[in-house]
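# Next one to model:
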Amino acid sequence: MGFLSISVPDRSYKWWALGATTIGCFMSILDTSIVNIALPTMMTAFSVDTDSAEWILTAYMLTMGVLQPATGYFCDVFGTRRMYLFSLALFTAGSALCGSAWSNDSMIFFRVIQAMGGGLIIPVSMAIVYQVFPPAERNMAMGIWGISAMVAPAVGPTLSGYLVEYWDWRLIFTVNIPVGIIGYLLASMVLRETPLLANRRFDIAGFLTSSVGLFCLLLALSKGTDEGWTSAYIMSLFYVAAFCLTMFIFIELEQENPILDLTLFKDWNFAFSNIVLFLGTIGLFGGIFLIPLFMQNLMDYSAIQTGILMFPAAASSGLMMPIAGRLADKFGAKPVVLTGMAILTLSSLYLTVVDLDVAYERLAWIMMLRGIGLGMSMMPVTVLGMHGVPLPKISRASSLINAVRQVSGSLGIAILGTVLQNRQIYHLYHMAESQNIASLATAKMLAHGEQMFIGRGDVPGVAHLKALALLSGIVQRQAAVFSFDDAFLIMALICGLAIIPSLALRSVKAKAGMEKTVMAE
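Predicted coordinates:
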């Protein structure tokens, strides 16, 4: 394993491997959300508009989505250790380049390099953890590994808000460098290489069709709200995505060594666990997307205050994951998943009644309950889904699961963003019908506003215009609150839908799963 390797006893190797891979996974997922709050500052630094700056986010997401399906093949041919070290080194180098970017175009290019490493880290590290732990301990192990997958998206806004407000926005990238170097050294000393399958041919047709299909699908989902869902641009992307992904399915079913093994969906638990993960991920990213917008745009909280609010959810989710893993090992994953999804649904439903008078602490409690629900459900259902996967196909299953998550996260943000936009227009129109000059209540509010501005020294004509502007602002703000409540309701309903496939999951004993895995080897 090279001059950096150290001798780790077989009994403790799995824990060393878990610790080493969790570092890289946390960094990779962190960078999917850490840039969001810093984007306005970066727009000013690079003198670009919102449309240009958003490609800093979009490029990262698209690159990760395109590369993740090929991860299983790379792990089979080059080995999981070599792939993890390569991806972590590339991610760290990309972070250093992003920290030195001099323009928006250079930042986008460097973010692609960073995402090439980050997109590989997640499925590779997941495959390593699943390979080194026996079935009886996988729930607990994946619960610990899952801390990075669930906590990082929520910690990102907190860390980003602090660094942007009190330090320098470039630190959101350069902070990865020392952590990446330490993680690389630790992984190179600890990880052991897996058996190689060098004789496998690369599925070029599958890679091209999946890459183009996922690229167009994710791009359409990310730009649909801005461009219009029925615009020629977005519809063209959807048509290309549908054609390529349909061709991809036919190609993969005929391939001897497909880039994504779709036959894995023949396993009952794998199929239904992916449906649960698909819906649950929408709930996860929905909260990360909607809450900061509500806090900053409507309640006028700063970036750091918003980030601090998100932290209880991250902490509760992280603390709950190992506990949920132990509970799943003891009582089975299904009841734990169902309980977690119920908590997630009810806490999300509670968000539908928030308004501008909601207390900061109350919102933090709701977010903490959501974190508990996510922590109890997401990792146990992942382990249950992969329980019937033969060990040689673990890396392929990991790639497939992460591709599903990538699409569902983007789809969730697209759906909720569209709901937010359309419902605000609806509520604004509905309120304008009732709150007009002929309305007695409106006339009283307008008269009160005029008297207030006259009392401040304005002449009656100016006071009238200011009162109208004030009333218009109140109406628009209230319409926005109603639209957020509607978006929270849709998010809660989607989380509730995840309970249905959760009921279809079948409990599997660890011993039986172990025997199946050994037989497959």
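# what residue ranges in the stretch 251-400 of the chain score low on pLDDT?
303 (pLDDT under 70).
# Do a quick rundown of the helices in it.
Counting by DSSP state H, counting those that start in this stretch, the stretch 251-400 of the chain has helices at residues 268-293, 303-331, 333-350, 360-386, 394-434.
# Pipe those into TSV and attach distance to L120 per row.
(C-beta placed from N, C-alpha, C; glycine too.) Putting the helices of the stretch 251-400 of the chain into TSV (distance: least, Cβ to Cβ, whole Å) gives the following:
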stretch	distance to L120
helix 268-293	19
helix 303-331	23
helix 333-350	27
helix 360-386	18
helix 394-434	10
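# mind checking which of these is nearest T80?
helix 394-434 (6.7 Å; Cβ to Cβ).
# Let me know the angle separating that closest one from helix 360-386.
With axes from the mean of the first three to the mean of the last three Cα atoms, to 10 degrees applied, the angle from helix 394-434 to helix 360-386 works out at 140 degrees.
# Helix 394-434 versus helix 268-293: what angle between them?
40 degrees.
# helices or strands next to helix 394-434 in the packing?
Secondary-structure packing of helix 394-434 (3 or more Cβ pairs under 8 Å, 6 or more residues apart in numbering; DSSP states H and E): helix 55-67, helix 71-78, helix 104-132, helix 204-227, helix 268-293, helix 360-386, helix 460-497.
# for those helices, which one sits closest to S160?
Nearest to S160, of all those, is helix 268-293, at 10.4 Å by Cβ to Cβ.
# helices or strands next to that closest one in the packing?
Secondary-structure packing of helix 268-293 (3+ Cβ pairs under 8 Å, 6+ apart): helix 138-166, helix 303-331, helix 333-350, helix 360-386, helix 394-434, helix 460-497, helix 499-504.
# the inter-axis angle of the fifth one versus helix 55-67?
Going back to what we said before, that points to helix 394-434. Relative orientation of helix 394-434 versus helix 55-67 (the same axes, to 10 degrees): 140 degrees.
# How far off centre is helix 394-434?
12 Å (Cα atoms, centre = their mean, to the nearest Å).
# Could you say which one of the helices and strands packed on helix 268-293 comes nearest to E54?
Ranking the helices and strands packed on helix 268-293 by proximity to E54 (Cβ to Cβ) places helix 394-434 first, at 12.2 Å.
# Just the C-alphas of stretch 354-365, formatted as PDB.
Provided in PDB are the C-alpha atoms of stretch 354-365 (Å, rounded to 0.1, in the frame of the first residue of the first chain):
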ATOM      1  CA  VAL A 354     -45.500  30.000  10.500                       C
ATOM      2  CA  ASP A 355     -45.800  33.800  10.000                       C
ATOM      3  CA  LEU A 356     -43.800  36.900  10.500                       C
ATOM      4  CA  ASP A 357     -44.500  36.800  14.300                       C
ATOM      5  CA  VAL A 358     -43.000  33.300  14.700                       C
ATOM      6  CA  ALA A 359     -40.300  33.200  17.500                       C
ATOM      7  CA  TYR A 360     -36.700  32.400  16.500                       C
ATOM      8  CA  GLU A 361     -36.600  29.700  19.200                       C
ATOM      9  CA  ARG A 362     -39.800  28.100  18.000                       C
ATOM     10  CA  LEU A 363     -38.500  27.900  14.500                       C
ATOM     11  CA  ALA A 364     -35.300  26.300  15.800                       C
ATOM     12  CA  TRP A 365     -37.300  23.700  17.700                       C
END
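# Provide the contact partners of it at residue level.
Residues outside stretch 354-365 that contact it (Cβ atoms under 8 Å, 6 or more residues apart in numbering) are 291, 294-295, 298-299, 301, 305, 309, 312, 366, 477, 481, 484-485, 488.
# which of these are buried?
Buried residues within those, defined by neighbour count using 16 or more other Cβ atoms under 10 Å: 291, 294-295, 298-299, 301, 305, 309, 312, 366, 481, 484-485, 488.
# which among those gets closest to Q114?
I291 (25.8 Å).
# Can you tell me how far the closest one is from M367?
Taking Cβ to Cβ, to the nearest Å as the measure, I291 falls 7 Å from M367.
# Residues that sit against both of these two, list them.
Common neighbours of I291 and M367 (Cβ under 8 Å, 6+ apart) are L309, M310.
# need the buried ones among the contacts of stretch 354-365 in TSV with distance to A17, can you?
Shown next, in TSV, are the buried ones among the contacts of stretch 354-365 (distance: Cβ to Cβ, whole Å):
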residue	distance to A17
I291	35
F294	40
M295	39
L298	45
M299	44
Y301	40
Q305	38
L309	35
P312	30
I366	36
V481	48
F484	43
D485	45
F488	40
